[in-house]
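**Student:** need the 3D shape of this:
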Amino acid sequence: MSVAVIGAGAFGTALAVNLAGRGQVTLWGRDTGWARGRENPRLPGIRLPAGMQVTNRIDMIQAETLLLALPAQVLGGFLAKHGARLGGRRLVNCAKGIDLATLTGPSALIARACPLATVAVLTGPSFAADIARGLPTALTLACADAAAAEALQRDLSTATLRLYRTTDVTGAELGGALKNIIAIAAGAAIGAGYGDSARASIVTRGFAEMGRLATALGARPETLNGLSGLGDLVLTCTSEQSRNFRYGLALGAGRPFAQGTTVEGAATARAVSALARQKAIEMPISDLVAGLAEGRIAMKQALDILLNRPLKEE
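**Tutor:** You can find the predicted model right below:
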């Protein structure tokens, strides 16, 4: 098996480390000066396996299967520059977000840039450190081509990384993107001191909100009930390992957040808010997270808006 991971952040590096036990794996990143020490500063404490290659030259990537582990808002630019080089391969999106420029998911960007590629999505409840350390993790592998999904499932599953397949690319991708928004809201509730009951309410109503938009865009409800929806939502709303949750904590407490840290949910909230307006779908939590992230709404104001919404049946 020959696999390359595009994107040497924490998650991309973790995937490459985990997959290295199955065969040759190459990790591509723009800045790979750290590779001489065989430890990525974005994933401290994890040594790269001896046989794993690291490069910053895209022309060196010859693998048939590429895992695209780039931030959602970076992926479009990467594909514009390098997409022609990737055509005809199996391209597996690992980003969780919605592109602000096009209001589409990563798989649509990939299909547009690489029309001859087989496009898939790898998503679900996971933290980079857990994957890299070989802790048991289950993910969803989505591909519209059922035969290709089976092949990818076999090739990308490891002793500690268990993949469940589906043909519902839309549902899997949206579950991973939308849960980040709810995680920010949950973190904000805790950061503001509103308590665990408030967080539980946000998670529950947020899950309903995720389902409204996802099914309107063609997702299957059962997909949102699985690993890529509910599973990922629970993980990111309850653990400080989640950058989106930590970002929400900072918003709620009125503290600055670590500069330069990628928070996919902040940009995704803005994209979802715009998309929901186009589709005339109510997404109150997403709208409020977009407002909080942009500084248009204060935390106290956001709570008042939610509590003063019209009373209705659940």
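**Student:** how close does Leu233 get to Thr55?
**Tutor:** 35 Å (Cβ to Cβ, to the nearest Å). Where you see a C-beta, it was placed from the backbone N, CA and C, and this is true even at glycine.
**Student:** please pull out the lowest mean pLDDT helix or strand from this structure.
**Tutor:** The weakest-scoring helix or strand in the chain, judged by mean pLDDT, DSSP states H and E, is helix 299-307 (a mean of 81).
**Student:** distance from the chain centre to it, please.
**Tutor:** With Cα atoms, centre = their mean, to the nearest Å as the basis, helix 299-307 stands 27 Å off its chain's centre.
**Student:** how far does stretch 19-27 sit from its chain's centre?
**Tutor:** On Cα atoms, centre = their mean, the centre of stretch 19-27 falls 22 Å from that of its chain.
**Student:** pLDDT averaged over it - what is it?
**Tutor:** When pLDDT is averaged over stretch 19-27, the result is 92.
**Student:** who has more neighbours out of Leu233 and Thr55?
**Tutor:** Leu233 (25 against 16; other Cβ atoms under 10 Å).
**Student:** going along the chain, name the helices of the stretch 151-300 of the chain.
**Tutor:** 169-191, 196-216, 221-224, 232-238, 243-253, 264-279, 284-294, 299-307 (DSSP state H, counting those that start in this stretch).
**Student:** rebuild those as TSV, extending it with distance to Gly7.
**Tutor:** Shown next, in TSV, are the helices of the stretch 151-300 of the chain (distance: least, Cβ to Cβ, whole Å):
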stretch	distance to Gly7
helix 169-191	15
helix 196-216	25
helix 221-224	25
helix 232-238	19
helix 243-253	15
helix 264-279	13
helix 284-294	23
helix 299-307	33
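**Student:** deepest of those helices, which one?
**Tutor:** Comparing these by mean neighbour count (mean count of other Cβ atoms under 10 Å), helix 169-191 ranks first with a mean of 29.
**Student:** rewinding a little: and the least confident helix or strand of the chain with helix 243-253, angle?
**Tutor:** 110 degrees (axes from the mean of the first three to the mean of the last three Cα atoms, to 10 degrees).
**Student:** elements contacting helix 299-307?
**Tutor:** helix 284-294 (3 or more Cβ pairs under 8 Å, 6 or more residues apart in numbering; DSSP states H and E).
**Student:** list the contacts of the closest residue to Pro49 other than its chain neighbours.
**Tutor:** Excluding its sequence neighbours, the residue lying closest to Pro49 (Cβ to Cβ, 6 or more residues apart in numbering) is Ala20, at 4.2 Å. For Ala20, the contacting residues are 48-49, 51-52, by Cβ atoms under 8 Å, 6 or more residues apart in numbering.
**Student:** of those - the most surrounded one?
**Tutor:** Going by other Cβ under 10 Å, Leu48 tops the contacts of Ala20 with 22 neighbours.
**Student:** roughly how far apart are that one and Leu19?
**Tutor:** Per Cβ to Cβ, Leu48 is found 12 Å from Leu19.
**Student:** repeat for Gln53
**Tutor:** Taking Cβ to Cβ, one finds Gln53 at 12 Å from Leu19.
**Student:** shared neighbours of the two, anything?
**Tutor:** With Cβ under 8 Å, 6+ apart, Gln53 and Leu19 have common neighbours Val25.
**Student:** more crowded one of those two?
**Tutor:** Just comparing Gln53 and Leu19: by other Cβ under 10 Å the higher neighbour count belongs to Leu19, 26 against 16.
**Student:** quick one: contacts for the residue nearest to the more buried one when sequence neighbours are not counted?
**Tutor:** The spatial neighbour of Leu19 that comes closest, neighbours along the chain excluded (Cβ to Cβ, 6+ apart), is Val25 at 5.1 Å. Neighbour list for Val25: 3-5, 16, 19, 51-53 [criterion: Cβ under 8 Å, 6+ apart].
**Student:** picking up where we left off before, for the residue nearest to Pro49, give its distance to Cys94.
**Tutor:** 16 Å.
**Student:** how about the contacts made by Ala113?
**Tutor:** So Ala113 contacts 79-80, 83, 86 (Cβ under 8 Å, 6+ apart).
**Student:** contacting residues around the least confident helix or strand of the chain?
**Tutor:** 188, 192, 194, 251-252, 254, 284-285, 288, 291-292, 297.
**Student:** as a markdown table, those residues with distance to Ile182 would be great.
**Tutor:** Formatted as a markdown table, these follow (distance: Cβ to Cβ, whole Å):
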| residue | distance to Ile182 |
| --- | --- |
| Ala188 | 11 |
| Ala192 | 16 |
| Tyr194 | 15 |
| Leu251 | 14 |
| Gly252 | 14 |
| Gly254 | 21 |
| Pro284 | 12 |
| Ile285 | 6 |
| Leu288 | 11 |
| Gly291 | 15 |
| Leu292 | 13 |
| Ile297 | 16 |
